[in-house]
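A.B. asks: Sequence and predicted structure, then a few things I'm wondering about:
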Amino acid sequence: MMSGPRFDYLKKKLSRNAVFLIVVASMAPPPFPFTPVMAAASAFQFPRLRLLGYVFASRLVRFTVIGFAAIRFGRRILRIANSPEFTWFMVGFSVLCIVGSILSVVRWIRLSRAETYG
């Protein structure tokens, strides 16, 4: 639980930067935590119509830019993605990621066993 003064301080800090956080969360790609930012804005009683307006405007900008980029660069990107060089690069990169993941898991298991028995 959070104490009253600390809660008030956090609410004050977030209210100053709420618009920036909402815009960044709305424009950022999916790994960015959009839902927690919206939940926090709602919990701190950010005005609902303003929240929806900022989300709408930010998403409009984001998807408009993506749409124009697709129109402008789409054919080139598809040409590159369909090339044999890109296919081999992706195969090599995938193998590198798999090997790196296996090594990380093996190291993690060894370290956890050493802490358990050490």
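C.D. replies: Looks like it came in fine. Residues are numbered from 1 along each chain as shown.
A.B. asks: Could you tell me how far the most centrally placed residue in the chain is located from Asp8?
C.D. replies: Nearest to the geometric centre of the chain sits Phe32, at 2.0 Å (Cα atoms, centre = their mean). Counting by Cβ to Cβ, to the nearest Å, the separation of Phe32 from Asp8 is 27 Å. C-betas here are computed from N, CA, C, even on glycine.
A.B. asks: ditto for Trp108
C.D. replies: Computed as Cβ to Cβ, the Trp108 to Asp8 distance reads 42 Å.
A.B. asks: Over to Leu78?
C.D. replies: According to Cβ to Cβ, Leu78 and Asp8 sit 53 Å apart.
A.B. asks: cool, Gln45 as well?
C.D. replies: The span separating Gln45 from Asp8 equals 13 Å under the rule Cβ to Cβ.
A.B. asks: In space, what's closest to Phe46 - neighbours in sequence excluded?
C.D. replies: In space, Phe46 comes closest to Ala18 once its chain neighbours are excluded; the distance is 5.5 Å by Cβ to Cβ, 6 or more residues apart in numbering.
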